[in-house]
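The sequence and its predicted three-dimensional model are supplied below.
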Amino acid sequence: MPVLRVVILWHQHQPFYKDLVTGAYRLPWVRLHALKDYYGMVKLLDEFPEVHQTFNLVPALITQIQDYAAGIAQDPFFRVASRPAKDLTSDERRFALQYLFQANPDHLIRRYPRYAELWDRFQSSNASAENAERYFQPQDFTDLQVLSQLAWFDEFFLQEPDIAKLIHKGRDYTLEDQAFVVGHQRELINKVLPAHADAAKRGRIEISTSPFYHPILPLVCDTNAGSASTPGLPLPQNRFRHPGDAREQLQRGLDLHEKVFGVRPRGVWPSEGSVSEEVLGIAAGLGVNWMATDEGVLSRTLGMSFMRDGHGRLPDASAEKLYNIHRYESGQTRVHLIFRDHAISDLIGFVYSGMPPREAASHLIHNIKDCAQALISSGQDAVVPIILDGENAWEYYPESGREFLRRFYDALQNDASIEALTVSEAIAQHRNVNILNSLTPGSWIHANFNVWIGAPEDNKSWDYLYHARNFYEQVSQHCSAEQRKLALEELFIAEGSDWNWWYGPEHHSANDREFDELYRKHLSNVYQALGATPPDYLAQPIIGATVQPSFSPQTHYIHPRIDGELIRYFEWMGAAHYTADRRSGAMHGKVFLLESIHAGIDERNIYGRMDFAEQIPDAEFEIVVNLESWAEGSVRPRRTLRLNAEVAKGKIARWTVADQGEAFPLESAAAVLARNFEFKFPLAWLYALPRESSSESSSPAATKLRLRFSVWQNRLPVDALPVEGWMELQLLPEEELSAFAH
């Protein structure tokens, strides 16, 4: 009988936050995710012994967990959370207000009424630490210090009697309570790696690895790989070519895994699913049996499109290709490959958090069985790879998504037609492996490397890395072994993917500046370790180095939750994005309010987002979004709408969407102002739907939308994006958006 095998790989990764010279950690996310996600994701499988999974632990994450477990890692967030509130300096109090609320408002902050109370008080001061400080007394800070840590404790840890007692207490925490929460963290983090080792020893999980500091291996081998996946892509001035570094990063990852878990890993999730034929050759030479990447890479390799129907199902021929085990064979290279189902993986990452857990789990099981039905019906085995972060998604689910996962795992375990296996188990049991003799280079994001190379900021960072690597080659032979070792380690850290993730127009977070400073600090440490003075340019931010406005068209449908919070940046991936050049104007004294805008569509709605350059203005103002729908060849828009939001005291007092003064009912729309402004409403209001489900109106179907965002005060526009012209969105089926964008 044919078998449906579900292969789930959870990728656990955080950037390398440690400064090797000072030993200090800049950001707290390894510690917080080690408290909230890594232990519980593995421990949960004890309840479902027939559900086997693969966990990918990035080596640089492992070493940072080890530092925290040993008590030698300290980050500024932890230090501020640990100090008695009465001893905090003014700067520390402001730091606490600015950073101890960096958590999901719905599922981490509002889970605890006192934490939510403090959050609302901070927000009422326009989210300004300077404004809010005078409204927070020592007891408020103590409660904030305690609850900002408890909010990140794993669901299993929250059941411990001492912790449950603290949660029940709710407020008015003492110094003893604070000391317990702070001191107990090391004990909890100490459970993370042993839990993985124990589950692997019992055969419940397979642990795979990644190159040590999470570099984009094809680009480390040769930055020209960027234009191989995207012809015409602007490249750095200097070609970075260090396949030996790529090999060493992967070798170190395999070695650390064996040292920590006692067994050599068979498989690798290459950073960001980034692969090339050169990378496969390196991996095979190191004994790697399997690697994984995204379906987009397979699509480009085979020259076929994985276009899904309205129910998310692939045509039979496409399903036969995707839901299979592949083996790359070329010369002496032999490596098994699996390609993630992009649609199903993204449903877990970005969609199911907004659904009731029972409904979400049922929908997922149905999707898995439905997508493989063509193969099963024809008598073939099917392998459905589901691969995604095992940490970031759970902040957006109630109680870290545990009810959803339990219902999903229970359905997997009790469905006789499905086997949930590790990658190696699936390879060992699968028949009819598909042979690939070539592979198009690419990553899990759009099957290219454009997130990490091509934008001016990205290319500048590669040039800085090139110069530092060359300097090492020129002078290291004259330095001591200890100097060479430290400098090379800093170079390997700087090769990591995380720095360029935040450079360029694609991604932004509240910690962009910290990431920029960390990257330049690692490069500076290379020169210092070798007894030299770092170049002056490393003292200047890379962020903001571009002098031209940037625009990225929409590449995928988006389905963001409208909450006005910047922390949900993943939901806006694929949206059209416009960022204006503000520096030349600022030189002449103009004050800019807006930083960037995002917009996108899905099958039924249009979404928009406006990010402020600094804080939301204190004075009353209005947000205006002008929208037009256009049919091809038309000389005037099909429809013109105006969204108007009146803002007072940092909150929307009233908002409308109107056509020449006639307002629409707002039940099916939303507009929210928090850290930024976001909205959505039906495309039908613009007489506009994607082409495959076009409007029933007899007039020509709209083919594009145009948007312009502006801020008005005293009936005058004080800032706008785009500064000139409009942002345009194409009304296309999702599978055509990416092709149009390129």
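In hand now; what should we look at? Numbers count the residues shown, from 1 in each chain.

From S208, how far out is L9?
According to Cβ to Cβ, to the nearest Å, L9 stands 7 Å off from S208. In this view, the C-beta of every residue, glycine as well, is placed from N, C-alpha and C.

Please apply the same query to Y537.
According to Cβ to Cβ, Y537 and S208 sit 38 Å apart.

neighbour-wise, which of those two wins?
Between Y537 and S208, counting by other Cβ atoms under 10 Å, S208 is the more crowded of the two (25 against 14).

Now for that one: which residues touch it?
The contact partners of S208, by Cβ atoms under 8 Å, 6 or more residues apart in numbering, come to L9, T54, F55, N56, L57, P265, R266, G267, V268, W269, V423.

Spatially nearest residue to it, not counting backbone neighbours?
Spatial nearest neighbour of S208, excluding adjacent residues (Cβ to Cβ, 6 or more residues apart in numbering): G267 at 4.1 Å.

Make sure the one you found is actually in contact with V423.
Yes: judged on Cβ atoms under 8 Å, G267 makes contact with V423 at a distance of 5.3 Å.

of the two, who's got more company?
Here G267 and V423 are compared on neighbour count by other Cβ under 10 Å; more neighbours surround V423, at 29 against 24.

residue contacts, the more buried one?
Counted by Cβ under 8 Å, 6+ apart, V423 has contacts V7, L9, T54, E206, S208, R266, G267, W290, A292, I338, P385.

Ramachandran angles for it?
Phi and psi for V423, reported as degrees, to the nearest 10, are phi -60, psi -50.

Same check on L108?
For L108, the backbone dihedrals (degrees, to the nearest 10) come out as phi -110, psi -50.

Where do the helices of the stretch 551-700 of the chain begin and end?
Assigned by DSSP state H, counting those that start in this stretch, the stretch 551-700 of the chain shows helices spanning 583-586.

do the same with the stretch 101-250 of the chain
Using DSSP H, counting those that start in this stretch, helices in the stretch 101-250 of the chain cover 113-123, 129-132, 138-150, 155-158, 161-169, 175-189, 192-201, 217-221, 225-229, 243-261.

Compile those into JSON lines and extend it with columns for mean pLDDT.
JSON lines is the format used below for the helices of the stretch 101-250 of the chain (pLDDT from 0 to 100):
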{"stretch": "helix 113-123", "mean pLDDT": "96"}
{"stretch": "helix 129-132", "mean pLDDT": "93"}
{"stretch": "helix 138-150", "mean pLDDT": "98"}
{"stretch": "helix 155-158", "mean pLDDT": "97"}
{"stretch": "helix 161-169", "mean pLDDT": "97"}
{"stretch": "helix 175-189", "mean pLDDT": "97"}
{"stretch": "helix 192-201", "mean pLDDT": "98"}
{"stretch": "helix 217-221", "mean pLDDT": "98"}
{"stretch": "helix 225-229", "mean pLDDT": "94"}
{"stretch": "helix 243-261", "mean pLDDT": "98"}
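
so which of those helices comes closest to D458?
helix 225-229 (8.9 Å; Cβ to Cβ).

what's in contact with the closest one?
Taking contacts as Cβ under 8 Å, 6+ apart, the residues outside helix 225-229 that touch it are 218-219, 233, 235, 276, 440-442, 447-450, 452-454.

With respect to S124, which of those is nearest?
Checking the contacts of helix 225-229 one by one against S124 (Cβ to Cβ), the nearest turns out to be W452, at 39.5 Å.

Please look at that closest one and G496 and confirm they touch.
No: using Cβ under 8 Å, W452 is not in contact with G496; the gap is 10.2 Å.

So which of the two has more stuff around it?
Legend: neighbour count by other Cβ under 10 Å for W452 and G496, higher for W452 (29 against 24).

quick one: terminal-to-terminal distance for stretch 450-457?
This stretch, stretch 450-457, spans 12 Å end to end (Cα to Cα, to the nearest Å).

Kindly report the same for stretch 422-435.
End-to-end distance of stretch 422-435: 21 Å, with Cα to Cα as the criterion.

follow-up on the earlier one: need the residues touching each of L9 and S208.
What both L9 and S208 touch, as defined by Cβ under 8 Å, 6+ apart, is the set T54, F55, N56, W269, V423.

and the second one, what element?
To tie it back to what came earlier, the one meant is F55. Using DSSP states H and E, F55 falls within strand 53-57.

what's the angle from that strand to helix 192-201?
140 degrees (axes from the mean of the first three to the mean of the last three Cα atoms, to 10 degrees).

which residues are contacting strand 53-57?
Strand 53-57 has contacts (Cβ under 8 Å, 6+ apart) with 7-13, 41-42, 45, 196, 204-210, 257, 267, 269, 390, 420, 422-423.

Which ones among these map onto strands?
Cross-referencing the contacts of strand 53-57 against strands under DSSP state E gives V7, I8, L9, W10, H11, Q12, I205, E206, I207, S208, G267, A420.

Please render these as CSV that adds pLDDT to the earlier fields.
What follows is the ones in strands among the contacts of strand 53-57, written out as CSV (pLDDT from 0 to 100):
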residue, pLDDT
V7, 98
I8, 98
L9, 98
W10, 98
H11, 97
Q12, 97
I205, 98
E206, 98
I207, 98
S208, 98
G267, 98
A420, 98
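
how about those residues, which pair is most distant?
Q12 and A420 (18.6 Å).

Could you measure from the residue nearest to R264 when sequence neighbours are not counted over to R252?
Distances taken as Cβ to Cβ, 6+ apart put E258 closest to R264, at 4.8 Å, once the chain neighbours are dropped. According to Cβ to Cβ, E258 and R252 sit 11 Å apart.

likewise L689?
For L689 relative to R252 (Cβ to Cβ), the value is 51 Å.

If you count surrounding residues, which of these two has more?
L689 (21 against 17).

and that one, what does it touch?
Remark: with contacts taken as Cβ under 8 Å, 6+ apart, L689 is in contact with E603, R604, L683, S695, A701, L731.

By pLDDT, give me the weakest of the residues you listed.
Lowest in pLDDT among these is S695, which has 44.

Now for G267 and V423: what residues contact both?
Common neighbours of G267 and V423 (criterion: Cβ under 8 Å, 6+ apart): T54, E206, S208, W290, A292.

Need the residues you listed in a markdown table (columns: distance to W726).
Converted to a markdown table, the shared contacts of G267 and V423 look like this (distance: Cβ to Cβ, whole Å):
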| residue | distance to W726 |
| --- | --- |
| T54 | 46 |
| E206 | 51 |
| S208 | 46 |
| W290 | 47 |
| A292 | 41 |
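
so which pair among these is furthest apart in space?
Using Cβ to Cβ, those reach their maximum pairwise distance at E206 and A292, which is 11.8 Å.

Check the contact between R26 and L518; I expect there is one.
Yes: the criterion here is Cβ under 8 Å, and R26 meets it with L518 at 5.5 Å.
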